[in-house]
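Using only what follows, build the 3D model:
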Amino acid sequence: MKQDTIELSKQVEQEIKPLLEKVDKICEENSQKVLRAFQECKLQEAHLNSSTGYGIDEIGRNKIEEIYSHIFKAEDALVRSQLISGTHALAVTLSALLRPEDTMLSITGEPYDTLQTVIGIGKEKSKSSLKEFNIHYEQIDLIENEFNTSKIQERLKKQDIKLVEIQRSRGYSTRKSLTIEKIEKVIQAIREVNKKVIIMVDNCYGEFVQDKEPIEIGADIAVGSLMKNLGAGIATSGAYIVGNKDLIELCAERLTSPGIGKEIGPSLNQNSLFIKGLFFAPSVVASSVKTAIFASRMLQKLGYQVDPQYDEIRADIVQTIHLATEENLVKFCQGIQMGSPIDSDVIPYPGDMGGYNDKVIMAAGTFTQGSTIELSCDGPIREPYIAYMQGGLTYEYGKLGILKAIEHMQN
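Numbering: from 1, shown residues only. A predicted model of the protein is given here:
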């Protein structure tokens, strides 16, 4: 590694030290929240055991869902290994809550690529999309990274929207991710004109980055993946849905079958991993945020446009780096792969992926396939060639991965 890069990294670490201390404070608050939930819900060793077969009324799985409800301040929760990904959990939720001729409204503009296919608005078409079942979709774009509150209120006054969708993270877009404070304000504005509409938050990448979660600021339902923040790189599958009890019941019946709902679902040796992942999640999320802050300042000093900038308030663990050319994007991702603990000798290249409109390059030498809370980086091969970096199980490993990516790109 070039000596000037090493010296620059030392300067950056001194510069960001006060910011890392703020991250530690949030980590401590969220750790207290998790520990209190474990204690007040009376988690016992017996709850770490798992079931097979039908998993009828399994005590460990039920206890985990009780703990999730406690942490999120929700009435109920669905936390299952049978939910394969965040997109799957979102698809289950939307399919459960929307009926033919219902209308959903996205107030954060165009959703993430894979969710576009679920809805039926993307280039990739599916005969199983919501659109195929005559479920209607509308969207209101953000204006300079702010909710268009007046337009949202005007549309909702008609009282014909069934569900409002808020995507907390940016996805593969250039907009900023949304802080919990901004989401709280728009939820208050929605309730001023419409008391009944279901407010759903796509919470992926946002859990434990701040000290509050969507349900406690007024959302009806929130969805996320255990391959991201709350799995902490320990959970090897799964996703969660938390919210109002009647809505969770509908989601459970969509996941399993009507009349059965949450009663079945074997945990298949995941209970211990789910609990450990949740226990470590505040610390691992803090490491990911620290890694993002370091990457932001390093790449900014090297002349690249970054978002968020290193000293901005963080809403999620995602860091974007505008790399200007396809070559830079590919090399940076390849460098992240080289800095990984697993498959460091594998060289990723752009390729077609289901649910995405453009070729995508993905780098992730992770212990669990697709675990984006571990250091990973990806991006669609389209202008302005943005790398979407996230994760870092520890800050130290994250920093080393960033330096390796910079070295490979410079060489």
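
now stretch 280-289: mean pLDDT?
In this model, stretch 280-289 carries a mean pLDDT of 98.

start at 51 instead
Renumbered: residue one is now 51, and that last one reads stretch 330-339.

how about that stretch as CSV, C-alpha atoms only?
The C-alpha trace of stretch 330-339 is given here as CSV (Å, rounded to 0.1, in the frame of the first residue of the first chain):
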residue,chain,number,x,y,z
PHE,A,330,-24.7,-8.3,18.9
ALA,A,331,-26.7,-6.2,16.4
PRO,A,332,-26.2,-2.8,18.1
SER,A,333,-22.4,-3.2,18.2
VAL,A,334,-22.1,-4.6,14.6
VAL,A,335,-24.4,-1.8,13.3
ALA,A,336,-22.1,0.7,15.1
SER,A,337,-19.1,-0.9,13.4
SER,A,338,-20.8,-0.6,10.0
VAL,A,339,-21.6,3.0,10.6
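
Now do I190 against A331, distance only.
Per Cβ to Cβ, to the nearest Å, I190 is found 32 Å from A331. (Glycine included, C-beta is placed from N, CA and C.)

More neighbours: the two, which one.
A331 (27 against 19; other Cβ atoms under 10 Å).

With adjacent residues omitted, what lies nearest to that one?
The shortest distance from A331 to any non-neighbouring residue, by Cβ to Cβ, 6 or more residues apart in numbering, is to A282 (4.5 Å).

Next: N198.
I190 (5.4 Å).

Which secondary structure state does the spatially most central residue of the chain sit in?
By Cα atoms, centre = their mean, the chain has its centre lying nearest to C254, at 1.8 Å. Recorded secondary structure, C254: coil (DSSP: H, G, I helix; E, B strand; the rest coil).

That one contacts G274, correct?
Yes - C254 is within contact range of G274, at 5.2 Å (criterion: Cβ atoms under 8 Å).

Now list whatever residues contact both of the two.
Common neighbours of C254 and G274, using Cβ atoms under 8 Å, 6 or more residues apart in numbering, are G136.

picking up where we left off before, number of residues surrounding the residue nearest to A331?
A282 has 26 nearby residues by other Cβ under 10 Å.

okay, stretch 222-241 in PDB with CA atoms only?
Only the C-alpha atoms of stretch 222-241 are listed here, as PDB (Å, rounded to 0.1, in the frame of the first residue of the first chain):
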ATOM      1  CA  TYR A 222     -29.900   2.100  -6.000                       C
ATOM      2  CA  SER A 223     -30.900   5.800  -6.300                       C
ATOM      3  CA  THR A 224     -29.100   9.000  -5.700                       C
ATOM      4  CA  ARG A 225     -31.400  10.400  -3.100                       C
ATOM      5  CA  LYS A 226     -30.500  10.500   0.600                       C
ATOM      6  CA  SER A 227     -31.700   7.900   3.000                       C
ATOM      7  CA  LEU A 228     -34.300   9.200   5.400                       C
ATOM      8  CA  THR A 229     -33.800   9.900   9.100                       C
ATOM      9  CA  ILE A 230     -36.300   8.700  11.700                       C
ATOM     10  CA  GLU A 231     -37.100  12.400  12.400                       C
ATOM     11  CA  LYS A 232     -38.100  13.100   8.800                       C
ATOM     12  CA  ILE A 233     -40.300   9.900   8.800                       C
ATOM     13  CA  GLU A 234     -41.900  10.900  12.000                       C
ATOM     14  CA  LYS A 235     -42.900  14.300  10.700                       C
ATOM     15  CA  VAL A 236     -44.500  12.900   7.500                       C
ATOM     16  CA  ILE A 237     -46.400  10.300   9.500                       C
ATOM     17  CA  GLN A 238     -47.800  13.100  11.700                       C
ATOM     18  CA  ALA A 239     -48.800  14.900   8.500                       C
ATOM     19  CA  ILE A 240     -50.500  11.800   7.100                       C
ATOM     20  CA  ARG A 241     -52.500  11.300  10.200                       C
END
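
got the buried residues for that stretch?
Buried residues in stretch 222-241, counted by 16 or more other Cβ atoms under 10 Å: 222-223, 225-230, 232-234, 236-237, 239-240.
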